[in-house]
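>>> What follows is a predicted protein model with its sequence.
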Amino acid sequence: MQWPLEALLPAKGTTTVSVVLPARDEESTVGDIVTVIRRDLVERTPLVDEIIVVDSNSTDATAVRAAAAGARVVAQGAVLPQLPPLTGKGEALWKGLAAARGDIIVFVDADLRNFGSHFVSGLLGPLLMNRNIQFVKAAYERPFIGEDGVARRGGGGRVTELVARPLLNMFWPELSGFAQPLGGEYAARREILEQVPFVTEYGVEFGLLVDLLHLVGLDAMAQVDLGSRTHSHQSVAALGRMAGQIMATAWSRLERQGRVLTSEPPSHSLLQFGLDGDAELVDVAVAERPPLASLVLEEDVA
Ligand SMILES: O=c1ccn([C@@H]2O[C@H](COP(=O)(O)OP(=O)(O)O[C@H]3O[C@H](CO)[C@@H](O)[C@H](O)[C@H]3O)[C@@H](O)[C@H]2O)c(=O)[nH]1
Ligand SMILES: O=C(O)[C@H](O)COP(=O)(O)O
């Protein structure tokens, strides 16, 4: 289904829309993405009310590039500074939600290499046109772009294929129809995002899908086909750590839903081996932020 801007604009009415981009060291892509959103969806067709880049402890020029392109840049640690800081992508998204003012929040990764404004307008389509829809997830083909620059169809999304999809089919088969459960592009109404916890690190997308299914039910969750998505690939070792975080997230939800009983908690240590046989013990634990709506801020009680 197509979502022409001329149909979306009247449907938007007074609804406000925030686009939130979590970004850690994305100086090479974040500026172009912000520029396209601002040009197409703020200036030409005013569908988007604010663009926020959450600078996730970058050590490069991410914040400068994002601001120069027209985003409001917030440092992850500067949002809700009274809370002890946590790390990772989930933390960046939760802080982005806290900083955003829109009725609808659109999350977009800041490392996309083939970004077009249809990523945002496509995600907005079902939410603006149908009041019953609460959450929209993007689907796309995910090629793997090798060092030779050649795109290999079906080669991307390795953690999705090897970890997330099998886990979802095993334990939450209602969610198996989401073609890209780990993808970073999705949109939702603020009021439901504020009612679910956010897992830190890379467990956030898996946790949100499972928790939102519980909160709003499958009929309120939609999917849009956005064509193809290319991004920066991480190393296999980094994806191993991501996989560990996603398994830890799945386990926490199984426990919470009373579907597993455990006499001792699973280990969160992962022993990884380098090319020289050198071993490194890494921590794949994930923390969790509470639903934003449950947060009693000091200024609220004062
Ligand atoms: O500590 C972090 C780590 C990442 N990011 C940003 O989050 C986005 C996605 O991170 P990336 O490292 O590119 O993740 P992928 O390897 O692409 O992982 C995929 O799978 C993850 C687990 O579901 C999702 O979080 C990602 O969105 C999805 O693209 C990018 O804009 C990053 O800059 C942060 O803001 N803070
Ligand atoms: O979603 C995933 O599986 C991870 O982002 C890894 O993606 P990649 O295999 O395309 O790097």
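Thanks, I have the structure now. Ligands and ions are numbered 1, 2, ... in the order given.
>>> how long is stretch 95-113 end to end?
24 Å (CA to CA, to the nearest Å).
>>> Same question for stretch 65-73.
10 Å.
>>> For the stretch 151-300 of the chain, which segments count as helices?
158-159, 165-171, 190-193, 204-216, 236-256, 298-301 (DSSP state H, counting those that start in this stretch).
>>> Out of those, which is closest to ligand 2?
helix 158-159 (3.4 Å; CB to the nearest ligand atom). In this view, the C-beta of every residue, glycine as well, is placed from N, C-alpha and C.
>>> The closest one - contacts with which helices or strands?
With contacts taken as 3 or more CB pairs under 8 Å, 6 or more residues apart in numbering; DSSP states H and E, helix 158-159 sits against helix 236-256.
>>> Quick one: distance of the helix it packs on to the chain centre.
Centroid separation between helix 236-256 and its chain, computed with CA atoms, centre = their mean, to the nearest Å, is 15 Å.
>>> Grab the CA positions of it and hand them over as PDB.
Provided in PDB are the C-alpha atoms of helix 236-256 (Å, rounded to 0.1, in the frame of the first residue of the first chain):
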ATOM      1  CA  VAL A 236      30.500 -11.200  13.800                       C
ATOM      2  CA  ALA A 237      31.900 -10.800  17.300                       C
ATOM      3  CA  ALA A 238      29.800  -7.700  18.000                       C
ATOM      4  CA  LEU A 239      26.700  -9.500  16.600                       C
ATOM      5  CA  GLY A 240      27.500 -12.400  19.000                       C
ATOM      6  CA  ARG A 241      27.200  -9.900  21.900                       C
ATOM      7  CA  MET A 242      24.000  -8.500  20.400                       C
ATOM      8  CA  ALA A 243      22.700 -12.000  20.200                       C
ATOM      9  CA  GLY A 244      23.500 -12.600  23.900                       C
ATOM     10  CA  GLN A 245      21.600  -9.400  24.800                       C
ATOM     11  CA  ILE A 246      18.600 -10.500  22.800                       C
ATOM     12  CA  MET A 247      18.600 -13.900  24.400                       C
ATOM     13  CA  ALA A 248      18.800 -12.300  27.800                       C
ATOM     14  CA  THR A 249      15.800 -10.100  26.900                       C
ATOM     15  CA  ALA A 250      13.800 -13.100  25.700                       C
ATOM     16  CA  TRP A 251      14.600 -14.900  28.900                       C
ATOM     17  CA  SER A 252      13.500 -12.000  31.100                       C
ATOM     18  CA  ARG A 253      10.100 -11.900  29.200                       C
ATOM     19  CA  LEU A 254       9.600 -15.600  29.500                       C
ATOM     20  CA  GLU A 255      10.300 -15.400  33.300                       C
ATOM     21  CA  ARG A 256       8.000 -12.300  33.600                       C
END
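>>> which other helices and strands contact that helix?
helix 158-159, helix 165-171, helix 204-216, strand 269-273.
>>> does ligand 2 sit close to the shortest one?
Yes - residues of helix 158-159 contacting ligand 2 under CB under 6 Å from any ligand atom: 158-159.
>>> and if you look at the third one?
No - for helix 204-216, no contact with ligand 2 is found by CB under 6 Å from any ligand atom; the gap never falls below 8.5 Å.
>>> Around ligand 1, pick out the residues from the stretch 1-150 of the chain.
Residues of the stretch 1-150 of the chain lying near ligand 1 (CB under 6 Å from any ligand atom): 22-24, 26, 56, 88-89, 92, 109-111.
>>> Turn these into a markdown table, including secondary structure and neighbour count.
Output for these, formatted as a markdown table (DSSP: H, G, I helix; E, B strand; the rest coil; neighbours: other CB atoms under 10 Å):
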| residue | secondary structure | neighbour count |
| --- | --- | --- |
| 22 | strand | 27 |
| 23 | strand | 29 |
| 24 | coil | 19 |
| 26 | coil | 25 |
| 56 | coil | 24 |
| 88 | coil | 21 |
| 89 | helix | 25 |
| 92 | helix | 29 |
| 109 | coil | 21 |
| 110 | coil | 33 |
| 111 | coil | 21 |
